[in-house]
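> Dropping a prediction and its sequence here:
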Amino acid sequence: MCGIFGCLVKDKDVAPLILAGLKRLEYRGYDSCGEATIHEGKLFVKKGVGEIDKVHAELGLDDLPGEIGIGHTRWATHGAPTRENAHPHTDCEGKIAVVHNGIIENFLELRKELEAKGHVFKSKTDTEVVPHLIEEFMKEGLGFQEAVIEAVRKLRGSFALAIIYAGFEGMACVKMESPLVLGVGRDGIYVASDIPAFLPYTNVVIQLKDGDVAFIRPDGFRIYNFIKGREVKRKPRTIDWSADMAEREGYPHFMLKEIHEQPRCLKNTLRLDRRYLTMMADLISSAEEAFMVACGTSYHACLASSYAMSRLAKKAVHPVIASEFVENYGSFVGPRTVLLAVSQSGETADTLEAVRHARERGATILGVTNVLGSKLTRMARVYVCQQSGPEIGVAATKTYTAQLSVLTQLAVIMAERRGKIGHVEAEDLWDWIHKLPDLAESVIEVTEKDIIRLAEEHVGVEKFAFVGSGINLATALEGRLKLLEIAYAPSIATSSLDGVTAGCLGKGSTAIFVCPSSSPDRKRLLDEACMARDHGLNVIALAEEGDEEVKEASDEQLVLPVPPELPEVLSPLPFILPLQMFAYYVSVKRGLNPDKPRNLAKSVTVK
Ligand code: F6R
């Protein structure tokens, strides 16, 4: 996730407006930034590494000349945070500048084709193929606008782009899967990843649709859709959000916004470069001893995936809470050990300490993180960036499901390469993995109303138990952690609720059972749910559509629109979604601020 801002304003130098717009988008990424403008047929570019204020202090981002310009604040996806990799990116002649948010999946093959035609690349980014592609089409004789359309037709993946060219008095904006909105003001036209970026200038908004290419000129704009192959009309709407609400896209809290972002983040995890996952799979497979280390939510992702790795790939990859690692396993770690560290921030002190220790003893370090350029990416031999974009809510949500998706893909690749699953099972698993973003979207949509009602009923409930067995012990632990973190509700998570515990919790407490029909322990879970009811607990069961058995064992059912055929190894992903929302709404109904839980920091970087 990065932030894009562009504008064309009559009789005004736009660089200061772009700088202000980027500041309002800084929450989308902040490892580097840059601007480009056009003035008297020439392109001007400034960019640098670090937060916007720092780069501005060094370079003076607001003094570029021109009434047309684009800017970018970056959250690295391809290529470390360096000046070369910062946006805008330009073509060979320095006449076309492009800013981009998203992932271009086929950039490597496009880059090879373009290099073969003599194009010289300066960065390691996927984005840089775009200006070179446009340049190439223009060399073949197309005008700028036609060249843009032909270039974006060749791209696969997700991309929001703003493009300027020294020979064109205007700007091209493209939307494909990544967000991009136009703002239509009295004196100018704005384009941004998010509405708040231009809200001080206009509240008339045009939401671009996938495939839209808007050509903005001083006298107005027109929109062409490259999927439909024709010009389209998009209706402007006037929004009445406050600037504060707009930053959260209208959601009352970042946490809720991020819960709703999960389908998009999951799609991003399907665009990862398979080569790195395959390298990781092979290194883990050949290790004498393999560990996953992490803290908090990331540890829960490790726990779930260790089940997936042993079930599918028949390989034990021990999940260890990072702070426990050195003391308990450190003495026998060696060159034949593989340590896979999972950390959203890539900066958690305990996780890095385990990594440091294992590295010193010659172990192979692998990493899964959300922050390219973090310490973990510098210490790992191979790492994968989960591409969730910055997570502002302190309680991890979208980064958890993205970790699950990445690690499950790793488990399937391990299983394939170790010959532990047949190609039919593998294909079936990949089909399901590709369905997960849509499945997540419908789970959130269908269950949210019921969860709001349940949360209302649970405002005063004091104690909770979360029960999930096997791979869904991780779901129970993560559901509990969320409720604890943001609603401060004392609660336990367990794989089996016995009579003693149920008796201790007592009448008036609530037990939430995670009951996918694929669970091998289902009968026991249903018996325990009945027992908990006998002890006076209120029992909520999370189950799939059409699950009649669950009804008899519980007081309330949260029915997920998930087919019962969903393989059990994938069930933690849809089943955690209602629990994230439950924690969120209980917190809100208790008058708390879920974005700012007390006693909790987003990442613990000191020991
Ligand atoms: C939970 C939460 C924390 C983190 C933990 C690890 O909602 O956010 O428990 O999961 O601090 O952080 P990372 O993944 O950055 O290493």
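Nice, thanks for sending it over.
> Going along the chain, name the helices of the stretch 351-500 of the chain.
Under the criterion DSSP state H, counting those that start in this stretch, the stretch 351-500 of the chain carries helices at the ranges 375-379, 398-417, 423-457, 473-487, 499-505.
> quick one: the longest one to helix 398-417, angle?
Angle between the axes of helix 423-457 and helix 398-417 is 160 degrees (criterion: axes from the mean of the first three to the mean of the last three CA atoms, to 10 degrees).
> what about the helices of the stretch 351-500 of the chain, which gets the closest to the ligand?
Proximity to the ligand, assessed across the helices of the stretch 351-500 of the chain by CB to the nearest ligand atom, is greatest for helix 473-487 (5.5 Å). C-beta here means a position set from N, CA and C on the backbone, and glycine is covered the same way.
> chain center to that closest one, what's the gap?
Helix 473-487 has its average C-alpha position 20 Å from the chain's average C-alpha position, going by CA atoms, centre = their mean, to the nearest Å.
> same for that helix, what does it pack against?
The contact analysis (3 or more CB pairs under 8 Å, 6 or more residues apart in numbering; DSSP states H and E) places helix 473-487 against helix 296-313, strand 464-467, strand 491-494, strand 510-514, helix 572-589.
> how is the chain carved up into domains?
Here the domain assignment for the chain is 77-247, 251-421, 445-592, based on automatic domain parsing.
> Which among those is found nearest to the ligand?
Among the domains of the chain, the nearest to the ligand by CB to the nearest ligand atom is domain 251-421 (2.1 Å).
> residues from the stretch 251-400 of the chain in reach of the ligand?
Proximity of the stretch 251-400 of the chain to the ligand is assessed by CB under 6 Å from any ligand atom, with Cys295, Gly296, Thr297, Ser298, Ser343, Gln344, Ser345, Thr348, Thr351, Ala395, Ala396 identified as the residues in range.
> State the pair within the residues you listed that is farthest apart.
Of all pairs drawn from these, the widest gap by CB to CB lies between Thr351 and Ala395 and measures 18.1 Å.
> Have a look at those two and say which one is more surrounded.
Between Thr351 and Ala395, counted using other CB atoms under 10 Å, the more crowded position is Thr351 (31 against 27).
> residues in contact with that one?
For Thr351, the set of contacting residues under the criterion of CB atoms under 8 Å, 6 or more residues apart in numbering consists of Val293, Ala294, Cys295, Ser298, Ala322, Ala341, Val342, Ser343, Leu376.
> just checking, next helix/strand downstream of the lowest-mean-pLDDT helix or strand in the chain?
Considering only helices and strands, the least confidently modelled element of the chain by mean pLDDT, DSSP states H and E is helix 243-247, at a mean of 68. Going down the chain from helix 243-247, the next helix or strand is helix 254-260, by DSSP states H and E.
> Mind giving me the packing neighbours of that next one?
Contact partners of helix 254-260 among helices and strands, from 3+ CB pairs under 8 Å, 6+ apart: helix 572-589.
> The helix it packs on relative to helix 423-457, how many degrees between them?
For helix 572-589 against helix 423-457, the angle between stretch directions is 10 degrees (the same axes, to 10 degrees).
> what's the spacing between helix 572-589 and its chain's center?
Centre to centre, stretch against its chain (CA atoms, centre = their mean), the figure for helix 572-589 is 17 Å.
> Remind me what that helix packs against, helices and strands.
For helix 572-589, the helices and strands in contact under the criterion 3+ CB pairs under 8 Å, 6+ apart are helix 254-260, helix 398-417, helix 423-457, helix 473-487, strand 510-514, strand 538-544, strand 556-560.
> list the contacts for Glu556?
If you count contacts by CB under 8 Å, 6+ apart, Glu556 has them with Leu454, Asn538, Val539, Ile540, Ala541.
> can I assume the first one is in contact with Phe582?
Yes - contact status for Leu454 versus Phe582: in contact at 6.6 Å, counting by CB atoms under 8 Å.
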